[in-house]
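A.B. asks: The following block contains a protein sequence and its predicted model.
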Amino acid sequence: MEWILLLLLGLVAAILGSIMGLGGGIIIVPALMILSSYTTVLEGITPQVAVGTSLLVMIFTGLSSTLAYMKQKKVDYQSGLIFFIGSGPGALFGVWLNKDINTDAFLVGFGLFIIVVSFILMVRKYIKPLKRMSKGIQRSYENDLGETVEYGYQPIVGILIAFVVGMCSGLFGIGGGSLMVPAMILLFGFPAHLAVATSMFLVFLSAIISSISHIYLGNVDWLYALALIPGAWLGGTIGAAINKRMTSDSVVNLLRIFLVIIGIRLIYQGITGS
């Protein structure tokens with residue numbers, strides 16, 4: 001029963017992660033930590049193993065989503081590679097921070113982080129993008145309505161933000177899209193669909209770096225990963241298809257509520273130890 005649950009967890013996490021550009025780890029990691037208290041299969045799982053396993057799974061979520069978004073021609077490869085200059089080293093730094101973290105501290109910190117992310121998701125559509133910088137990289141994108149949308153950013157600013165995103169990815173086992181997508185939309189003026197697709201490309205690249213480091217440190221449970229990966233691969237493709245056909249407002253609202261509940265539960269578990 002637990003293995004079927006893991007398969008479904010990988011599927012649901014990847015669908016939501018692909019729709020929103022989050023990567024899915026923000027659901028997988030807390031779910032593994034919570035399930036460890038209720039199932040014998042996952043009993044005693046550490047934050048390091050939860051994070052390392054999540055990042056390995058996100059390689060497949062990121063790849064399947066990226067391939068689907070490539071067919072839709074929504075991935076900004078140049079921007080993704082520039083951001084990766086920051087997120088790659090950031091991911092390695094996050095892995096280093098993760099290796100000695102206390103379980104209770106991890107649960108409380110991650111719970112607070114998830115609640116902050118839910119707040120970002122709540123306010124992001126009400127905040128207008130900052131005025132684009134006259135210098136730096138300037139790009140344009142033609143949306144499905146035939147409208148040309150311009151956006152731009154200073155590479156150094158994008159790299160610094162991506163470093164923080166990569167650090168969170170390596171530390172918490174998330175794809176980092178929960179921070180990168182709002183940053184691309186609010187700070188750089190990216191169209192939402194383009195931001196999500198480019199974020200999944202970045203999730204794929206960052207997850208490779210982070211997961212290799214966690215594999216080296218012995219932080220990956222291969223049985224859990226094998227149970228999660230099939231659902232993650234299928235979910236990444238499904239999520240990209242859903243993203244193309246619908247607005248994400250209803251999904252964002254449900255996800256916000258879901259994240260707040262998870263965040264509170266993790267904080268409680270970290271404080272009480274139960």
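C.D. replies: Thanks, I have it. Residues are numbered from 1 along each chain as shown.
A.B. asks: Please report phi then psi for residue 36.
C.D. replies: Listed backbone geometry of residue 36 is phi -60, psi -20, with angles given as degrees, to the nearest 10.
A.B. asks: so it makes contact with residue 49?
C.D. replies: No - under the contact definition of Cβ atoms under 8 Å, residue 36 does not touch residue 49, with a separation of 9.5 Å. All C-beta spots, glycine's among them, are computed from the backbone N, C-alpha and C.
A.B. asks: Got the phi and psi for the residue nearest to residue 174 when sequence neighbours are not counted?
C.D. replies: Residue nearest to residue 174 in three dimensions, not counting chain neighbours: residue 25, with 3.9 Å by Cβ to Cβ, 6 or more residues apart in numbering. For residue 25, the backbone dihedrals (degrees, to the nearest 10) come out as phi -60, psi -30.
A.B. asks: Give me the pLDDT value at residue 25.
C.D. replies: Looking at residue 25, its pLDDT reads 76.
A.B. asks: Run through the helices of the stretch 51-200 of the chain in chain order.
C.D. replies: In the stretch 51-200 of the chain, the helices defined using DSSP state H, counting those that start in this stretch lie at 77-98, 103-123, 155-172, 177-186, 192-216.
A.B. asks: got TSV for the ones you listed, with distance to residue 6 too?
C.D. replies: Supplementary listing: the helices of the stretch 51-200 of the chain in TSV, determined by distance: least, Cβ to Cβ, whole Å:
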stretch	distance to residue 6
helix 77-98	22
helix 103-123	19
helix 155-172	19
helix 177-186	22
helix 192-216	17
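A.B. asks: quick one, which of the ones you listed is nearest to residue 233?
C.D. replies: In this view, the helices of the stretch 51-200 of the chain are compared for proximity to residue 233 by Cβ to Cβ, and helix 192-216 is the closest at 12.1 Å.
A.B. asks: what packs against that closest one?
C.D. replies: Secondary structure elements in contact with helix 192-216, counted by 3 or more Cβ pairs under 8 Å, 6 or more residues apart in numbering; DSSP states H and E, are helix 2-20, helix 47-71, helix 77-98, helix 155-172, helix 177-186, helix 222-245.
A.B. asks: and if we set it to 6 Å?
C.D. replies: Secondary structure elements in contact with helix 192-216, counted by 3 or more Cβ pairs under 6 Å, 6 or more residues apart in numbering; DSSP states H and E, are helix 47-71, helix 77-98, helix 155-172, helix 177-186.
A.B. asks: what sits up against the second one?
C.D. replies: Okay, so that is helix 77-98. Contacting residues not belonging to helix 77-98 are listed as 51, 155, 158-159, 162-163, 165-167, 169-171, 198, 201-202, 205-206, 209-210, 213 [Cβ atoms under 6 Å, 6 or more residues apart in numbering].
A.B. asks: what inclination does it have with respect to helix 103-123?
C.D. replies: Here helix 77-98 runs at 150 degrees with respect to helix 103-123, directions being taken by axes from the mean of the first three to the mean of the last three Cα atoms, to 10 degrees.
A.B. asks: ok so, going back, cross-check the contact I'm expecting between the residue nearest to residue 174 and residue 58.
C.D. replies: Yes - if you go by Cβ atoms under 6 Å, residue 25 and residue 58 touch, sitting 5.3 Å apart.
A.B. asks: Between the two, point out the one with more neighbours.
C.D. replies: Summary of the neighbour comparison: residue 25 and residue 58, criterion other Cβ atoms under 10 Å, with residue 58 having more neighbours (37 against 32).
A.B. asks: Was I right to think the more buried one contacts residue 207?
C.D. replies: Yes - counting by Cβ under 6 Å, residue 58 touches residue 207, with 4.1 Å between them.
A.B. asks: The helix or strand of the chain with the lowest mean pLDDT - contacts with which helices or strands?
C.D. replies: In the chain, no helix or strand scores lower on mean pLDDT, DSSP states H and E than helix 249-272, which sits at a mean of 76. Contact partners of helix 249-272 among helices and strands, from 3+ Cβ pairs under 6 Å, 6+ apart: helix 103-123.
A.B. asks: Show me what the helix it packs on is in contact with.
C.D. replies: Outside helix 103-123, the residues that touch it by Cβ under 6 Å, 6+ apart are 47, 172, 178, 182, 252, 256, 259-260, 262-263, 266-267, 269-270.
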